[in-house]
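*Asks:* have a look at this fold, sequence not included:
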């Protein structure tokens with residue numbers, strides 16, 4: 001189930017609404033909302049998301065959650081024209097195996113994809129630490145020269 005499908009179903013049930021009632025409030029067919037809730041359609045249109053936010057006067061936090069769920073429910077992947085050949089091979093492998101990945105494999109892949117940010121932070125910390133050591137070394141050398 002897509003993040004938006006899960007969000008929409010939870011939202012509707014939390015408010016005690018039937019699909020038909022929610023569809024009427026938003027000006028959509030019940031069958032469309034049903035398709036969104038089951039994940040057959042997706043992601044939702046920006047118009048639908050806007051109507052949900054406005055008609056139900058969602059808080060900024062709730063609006064952020066619905067926008068994130070809608071964005072994360074996009075099933076299409078566009079490879080940049082100037083991508084390396086390895087990117088195409090990776091995407092091909094993902095297409096072949098995506099439905100058979102175990103939760104542990106998905107967790108490991110997510111961890112790997114988050115590494116550049118962590119490595120950047122670690123590199124910044126290391127650079128600061130090394131700069132401090134270099135400064136201390138220069139002071140010791142200057143002291144020894146006196």
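*Replies:* The structure has been received and is ready for your questions. Note that this is a predicted model, so its numbers are computed, not measured. Residues are numbered from 1 along each chain as shown.

*Asks:* how is this protein carved up into domains?
*Replies:* What the record gives for the chain is the domain set 3-72, 85-145, from automatic domain parsing.

*Asks:* dump those domains to JSON lines, plus mean neighbour count and mean pLDDT.
*Replies:* In short, each C-beta sits where N, CA and C put it, glycine included. What follows is those, written out as JSON lines (neighbours: other C-beta atoms under 10 Å; pLDDT from 0 to 100):
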{"stretch": "domain 3-72", "mean neighbour count": "16", "mean pLDDT": "94"}
{"stretch": "domain 85-145", "mean neighbour count": "10", "mean pLDDT": "76"}
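
*Asks:* show me the residue at the heart of the protein, geometrically.
*Replies:* residue 72 (5.2 Å; C-alpha atoms, centre = their mean).

*Asks:* for the closest residue to it other than its chain neighbours, give me phi and psi.
*Replies:* For residue 72, ignoring the flanking residues on the chain, the nearest one in space by C-beta to C-beta, 6 or more residues apart in numbering is residue 3 at 4.4 Å. When read as degrees, to the nearest 10, the backbone of residue 3 gives phi -60, psi -40.

*Asks:* so who does residue 3 touch?
*Replies:* Residues near residue 3 by C-beta atoms under 8 Å, 6 or more residues apart in numbering: 68, 69, 72, 73.

*Asks:* restricted to helices, list these.
*Replies:* Under the assignment DSSP state H, these contribute 68, 69, 72 to helices.

*Asks:* so which of the residues you listed comes closest to residue 22?
*Replies:* Using C-beta to C-beta, residue 69 comes nearest to residue 22 of the ones in helices among the contacts of residue 3, at 15.8 Å.

*Asks:* that closest one against residue 9, yeah?
*Replies:* No. If you go by C-beta atoms under 8 Å, residue 69 and residue 9 don't touch, sitting 11.1 Å apart.

*Asks:* re the thing from before, distance check, the residue nearest to the centre of the chain against residue 82.
*Replies:* 25 Å (C-beta to C-beta, to the nearest Å).

*Asks:* residue 45 too?
*Replies:* Per C-beta to C-beta, residue 45 is found 30 Å from residue 82.

*Asks:* before we move on, back to that, tell me which of the domains of the chain lies nearest to residue 78.
*Replies:* Nearest to residue 78, of all the domains of the chain, is domain 85-145, at 10.1 Å by C-beta to C-beta.
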